[in-house]
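Asks: okay, here's the prediction I keep looking at, along with the sequence it came from:
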Amino acid sequence: MSSKVSWGNATEILTAAGVEEDTSFYRSFTEDNEKAVLTVPQRIQDAWLRNDPDVFAEVFTDNGSLLLQDNQLTSREQIRDYLSAGFEGYLRGAHVYGWPLSVTFLTPEIAVAITEGGIILAGESEIAPERAIRAVWVIVREAEGRLRLFSHQSSPIKS
């Protein structure tokens with residue numbers, strides 16, 4: 001099912017966020033609305049690359065939810081605080097990389113994307129098998145058309 005409502009132009013969304021568009025990220029998801037939805041994971045990847053907890057948290061709704069390892073964070077502020085500590089500590093210099101596996105529109109305002117990827121720690125050039133994950137992204141289209149992340153949950157992939 002594809003959303004009949006426009007979710008926006010991916011290039012414009014990323015440009016407004018100061019993110020360089022990686023057109024190869026979309027893979028087979030080339031419909032305009034699919035690409036727009038997939039700007040959310042690209043924005044998160046960019047925030048990780050910058051190690052910027054403010055940019056990371058801003059992608060979420062105010063009551064956004066992030067399940068990262070054993071940590072269930074349930075607000076933009078909790079997410080910002082957690083990533084701030086991480087980027088100053090064990091995640092300093094880390095970034096994430098992933099690619100989409102599916103994009104599904106549940107309503108004209110809610111989409112779910114599934115990605116695969118993982119965390120690449122400082123000094124590493126690829127995702128270590130123990131840090132490979134599959135993630136579920138619940139993305140909402142707010143009234144003014146802005147795309148935000150309502151919920152992100154990742155799960156390790158056993159090798």
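Replies: In hand now; what should we look at?

Asks: for the rest of this, base every contact and every neighbour count on C-alpha atoms.
Replies: Will do.

Asks: helix or strand for the residue positioned nearest the centre of the chain, which one?
Replies: In the chain, the centroid-proximal residue (Cα atoms, centre = their mean) is Pro41; its distance is 2.8 Å. Element membership for Pro41 (DSSP states H and E) is helix 39-50.

Asks: pull the CA atoms of that helix into CSV?
Replies: Extracted as CSV, the C-alpha positions of helix 39-50 are listed here (Å, rounded to 0.1, in the frame of the first residue of the first chain):
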residue,chain,number,x,y,z
THR,A,39,15.1,10.4,5.0
VAL,A,40,14.5,9.7,8.7
PRO,A,41,17.2,6.9,8.9
GLN,A,42,19.5,9.0,6.8
ARG,A,43,19.1,11.9,9.3
ILE,A,44,19.8,9.6,12.2
GLN,A,45,22.9,8.2,10.4
ASP,A,46,24.1,11.8,9.9
ALA,A,47,23.6,12.6,13.5
TRP,A,48,25.7,9.6,14.5
LEU,A,49,28.4,10.6,12.0
ARG,A,50,28.5,14.0,13.7
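
Asks: for Lys158, see how far away the residue nearest to the centre of the chain is.
Replies: Distance, Pro41 to Lys158, using Cα to Cα, to the nearest Å: 22 Å.

Asks: would you mark the buried spots in stretch 84-92?
Replies: By neighbour count on 16 or more other Cα atoms under 10 Å, the buried set for stretch 84-92 is 84, 87, 91-92.

Asks: cool, and stretch 131-148?
Replies: Those would be 131-141, 147-148, for stretch 131-148 by 16+ other Cα under 10 Å.

Asks: any chance you could list what contacts it?
Replies: Outside stretch 131-148, the residues that touch it by Cα atoms under 8 Å, 6 or more residues apart in numbering are 7-8, 37, 40, 59-61, 108-120, 149-158.

Asks: fine, thanks again, bye for now.
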